[in-house]
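In: Got a predicted structure here, sequence first:
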Amino acid sequence: MTGMLASVKNLAEARQVCALGVDIVDLKQPASGALGALDVNEVKQIVTELDTQQSISATIGDLELIPAKVLHAVQEMAATGVNYVKIGIFPDGDAIATIQALSMLSQQGVQLIAVLFADSQPNFKLLPELKIAGFCGVMLDTQNKQLGSLTQVLDWQLIQQFVLMAQKLDLLCGLAGSLKFANIETLLPLQPDYLGFRGGLCKDNNRIATLDSKQIQAIQYQIQMATNDT
């Protein structure tokens, strides 16, 4: 069963999606980039004040892969009490060294999710390295939101390859990247663990606008119906 991740930028939006029953509440600041981060104090407040059974994830920002810098950011975000910390595998920096450095935190019980970017030549050979380092999940997203949805910037066969590799490695697998209604029926047959949304949940599909409850409910319904058909 594929779940739904909803990215939110503040406590009010987090409460809104919780009330509608989304599976994962994802904390980030869309105005600050693909994985723009909320201030850790705000994240801690949201985690403390949310009365929810849903899992909560949070991003650390669009950081260059410098091991010490990323390690510090992940430690700070993990200390807020979120269930998952998301780390972008951006083109700049040393991916392998950063992944290996983060193994220290996975050994301490921090649940790490790596985000690869479909429009930035994602290296799927990193997935086994992520597994070795103790990451619990991987996600395929888009970095430049102006280029279109995930299925527009990457061939379906490559998306399928990513999902199959993640499943074989027993990694939690998510797909995102300017996803809308039309993408749901295309991606659900791959059986990812969740589909992630931001722009598709907002007024006029504008990812930095406020969330629209009708949009959220419509996407939830579409996922449910498409799941029943697969």
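Out: Here it is on my side, so go on. Residues are numbered from 1 along each chain as shown.

In: List the buried residues in the longest helix along the chain.
Out: Assignment by DSSP state H gives helix 213-229 as the longest helix of the chain. Using 16 or more other C-beta atoms under 10 Å as the test for burial, helix 213-229 gives 215-216, 219-220, 222-223, 226. In this view, the C-beta of every residue, glycine as well, is placed from N, C-alpha and C.

In: could those go into JSON lines alongside pLDDT and distance to residue 42?
Out: Shown next, in JSON lines, are those (pLDDT from 0 to 100; distance: C-beta to C-beta, whole Å):
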{"residue": "215", "pLDDT": "94", "distance to residue 42": "24"}
{"residue": "216", "pLDDT": "95", "distance to residue 42": "22"}
{"residue": "219", "pLDDT": "94", "distance to residue 42": "25"}
{"residue": "220", "pLDDT": "94", "distance to residue 42": "26"}
{"residue": "222", "pLDDT": "91", "distance to residue 42": "31"}
{"residue": "223", "pLDDT": "92", "distance to residue 42": "29"}
{"residue": "226", "pLDDT": "77", "distance to residue 42": "34"}
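
In: closest to residue 40 among those?
Out: Using C-beta to C-beta, residue 216 comes nearest to residue 40 of the buried residues of helix 213-229, at 26.1 Å.

In: What's the separation between the closest one and residue 200?
Out: Note on residue 216: its distance to residue 200, by C-beta to C-beta, to the nearest Å, is 9 Å.

In: and if you look at residue 10?
Out: The value you get for residue 10 to residue 200, if C-beta to C-beta is used, is 18 Å.

In: what residue ranges in the protein score low on pLDDT?
Out: 229-230 (pLDDT under 70).

In: And the helices in it?
Out: 11-19, 40-49, 67-78, 95-107, 126-132, 150-153, 156-168, 181-187, 213-229.

In: Remind me what the third one packs against, helices and strands.
Out: By that I understand helix 67-78. Based on contacts counted as 3 or more C-beta pairs under 8 Å, 6 or more residues apart in numbering; DSSP states H and E, the elements that helix 67-78 packs against are helix 40-49, strand 84-88, helix 95-107.

In: So what touches that helix?
Out: For helix 67-78, contacts defined as C-beta atoms under 8 Å, 6 or more residues apart in numbering pick out 37, 40, 43, 58-61, 63, 85, 87, 94, 97-98, 100-102, 104-105, 110, 112.

In: How far does it sit from its chain's centre?
Out: Taking C-alpha atoms, centre = their mean, to the nearest Å, one finds helix 67-78 lying 17 Å from the centre of the chain it belongs to.

In: And for the last one?
Out: Counting by C-alpha atoms, centre = their mean, helix 213-229 is centred 19 Å from the centre of its parent chain.
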